[in-house]
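[1] this one's structure only:
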């Protein structure tokens, strides 16, 4: 033990590199202002842009999903395909470690899905969670916590954007 204190996020102060994994829901709400529901996600992505959260992680699938959803939202929120491409390049690909599931983890994903009772479209969240676990993430931040509950048994904390933002603020002001 080196005497380094742990923050409520389970991270040593300032040690956020590669430990936080962002789901599509937080990326989308952080890049497109939906009003009150986007406040915490925008604040987190501002921390990424300012370097306070260094090299967070996300899945390649989240990038695809972000592009898909952002370009088909209701007109008042919808991004053009050019704007979606630019946002992905400048805000995600330039600042995040964008990861995919290693080939050796693909077959076990389905066994875990069966064990967890995952069916239908929830397999996509299971895949995103498996990428986070394989990448060694310690926290997955999402707007859909219940979709990621099985990750708790695999040692990954699942927080909302509001919860992570509160924990980061608390760790900055002990």
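    Ah, there it is. Keep in mind it's a predicted model, so treat the numbers as computed, not measured.
[2] Next, work out how far apart the residue lying closest to residue 22 once chain neighbours are set aside and residue 75 are.
    Closest residue to residue 22 apart from its sequence neighbours, by CB to CB, 6 or more residues apart in numbering: residue 58 at 4.8 Å. (C-beta placed from N, C-alpha, C; glycine too.) Using CB to CB, to the nearest Å, we find residue 58 at a distance of 26 Å from residue 75.
[3] Have a look at the two and say which one is more surrounded.
    Set residue 58 next to residue 75 and count neighbours by other CB atoms under 10 Å: residue 58 wins out with 29 against 5.
[4] Doesn't that one belong to a helix?
    No: Residue 58 sits outside any helix when classified using DSSP: H, G, I helix; E, B strand; the rest coil, being strand.
[5] didn't it look like it was pressed against residue 96?
    Yes: Residue 58 is in contact with residue 96 according to CB atoms under 8 Å; the separation is 4.9 Å.
[6] so what's residue 73 up against?
    Contacts for residue 73 (CB atoms under 8 Å, 6 or more residues apart in numbering) come out as 32, 79.
[7] what about it, which SS state?
    Here residue 73 is recorded as coil under three-state DSSP.
[8] For it, give me phi and psi.
    phi -60, psi 170 (degrees, to the nearest 10).
[9] Which of the helices or strands spans residue 62?
    helix 60-70 (DSSP states H and E).
[10] List the buried residues in the next helix or strand after that helix.
    For helix 60-70, the succeeding helix or strand toward the C-terminus, using DSSP H and E, is helix 81-87. Neighbour-count burial for helix 81-87 flags 84, 87 (criterion: 16 or more other CB atoms under 10 Å).
[11] Tell me the gap between helix 81-87 and the middle of its chain.
    20 Å (CA atoms, centre = their mean, to the nearest Å).
[12] for that helix, what is the average pLDDT?
    What helix 81-87 shows for mean pLDDT is 98.
[13] Beyond that helix, next helix or strand please.
    strand 97-99.
[14] Run through who's touching that next one.
    Here strand 97-99 makes contact (CB under 8 Å, 6+ apart) with 18, 55, 56, 57, 58, 59, 60, 63, 92, 131, 134, 135.
[15] so what sits against both of residue 58 and residue 96?
    Common neighbours of residue 58 and residue 96 (CB under 8 Å, 6+ apart) are residue 22.
[16] Check which residues of the lowest-mean-pLDDT helix or strand in the chain are buried.
    Of the helices and strands making up the chain, the lowest-confidence element is helix 161-172, at a mean of 90, by mean pLDDT, DSSP states H and E. Neighbour counts using 16+ other CB under 10 Å place 161, 162, 163, 164, 165, 167, 168, 171 of helix 161-172 among the buried residues.
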